[in-house]
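Novice: Sequence plus predicted model, see below.
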Amino acid sequence: MASPCRLTSFEGTSYTLCEVRADQDVRLFLNAPDGSLLGNFPGIDAMLAPGKLGFAMNAGMYHPDRTPVGLYIENHREITPLVTSPGPGNFGLLPNGVFCIAPDGSFAITESRAFGLSGPDCRFASQSGPMLVIDGDLHPRFLPDSTSRYVRNGVGISLDGQQALFAISGSRVTFHEFARFFRDGLGLRNALYFDGNISRIYAPNLGRSDFGFPMGPVVGLVRD
């Protein structure tokens, strides 16, 4: 299997970018089979078998006990429900959205309220927010002159849903800059924010395995 992650740059900012296809084994991880929190990359890799985890990153916001803030589906089982009301923080900055991995492996990013009305069937799903790019437009609340800067990570998908591109910034960026990376740098029409400040990635082909406090939802590529 080719290494999924590489370094790239956009407008003078470096990014780690990991690209996966619908015919690959991409999953979401939260708890071990015994119900305990996985919470970190080595724990997921050990559960699968050492060396099986091709790449991973945090994949949605979570409460202090690490339960997901919004919708979370794992192997077709809904762990936490969809949240469609506005609220504080980045998650409640509507529109937010749902990243979905369908049973056939294809990817979708759907605005949360639209998902609640007629969302796709998902084997795995994680709700997060805000949306970064919505049908080619940046989130309407993003400001070009914002001073709020964090290391940020998120995901965008190809128009046909056959490819997902996960990115984490190499330095602190604004929402506007991060969203433009997905839209203008990668040419994607839909992208979703996962988190900032606590953003972490596992990219063994780049010699990178970030550590820190335990995480909630994690998305990862499982090698054959």
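Specialist: All right, it came through fine.
Novice: Spatially central, which residue of this protein would that be?
Specialist: Ala59 (4.0 Å; C-alpha atoms, centre = their mean).
Novice: Could you pull up phi and psi at that one?
Specialist: Here is the backbone geometry of Ala59 (degrees, to the nearest 10): phi -140, psi 40.
Novice: Now it: closest residue in space, sequence neighbours ignored.
Specialist: What sits nearest to Ala59 in space, not counting adjacent residues and going by C-beta to C-beta, 6 or more residues apart in numbering, is Val219, at 3.8 Å. Quick note: C-beta positions are derived from backbone N, CA and C, even for glycine.
Novice: what sits against that neighbour?
Specialist: Listed by C-beta atoms under 8 Å, 6 or more residues apart in numbering, the contact partners of Val219 are 26-29, 56-57, 59, 99, 124, 126, 155, 166.
Novice: what do you get if the cut-off is 10 Å, keeping everything else the same?
Specialist: 18, 20, 26-29, 55-60, 99, 101, 124, 126, 155, 164, 166, 194 (C-beta atoms under 10 Å, 6 or more residues apart in numbering).
Novice: what comes up buried for stretch 194-206?
Specialist: 194-196, 198-204 (16 or more other C-beta atoms under 10 Å).
Novice: got it, and stretch 137-149?
Specialist: For stretch 137-149, the buried set under the neighbour-count rule, 16+ other C-beta under 10 Å, comprises 138-139, 142.
Novice: Over to stretch 182-189?
Specialist: For stretch 182-189, by 16+ other C-beta under 10 Å, it's 182-183, 185-186, 188-189.
Novice: same question for that stretch, mean pLDDT?
Specialist: Stretch 182-189 shows a mean pLDDT of 98.
Novice: Also stretch 32-43?
Specialist: Computed over stretch 32-43, the average pLDDT equals 96.
Novice: what's the first-to-last distance across that stretch?
Specialist: 9 Å (C-alpha to C-alpha, to the nearest Å).
Novice: buried stuff in it?
Specialist: For stretch 32-43, by 16+ other C-beta under 10 Å, it's 37-41, 43.
Novice: and which of the residues you listed is nearest Met215?
Specialist: Gly39 (5.5 Å; C-beta to C-beta).
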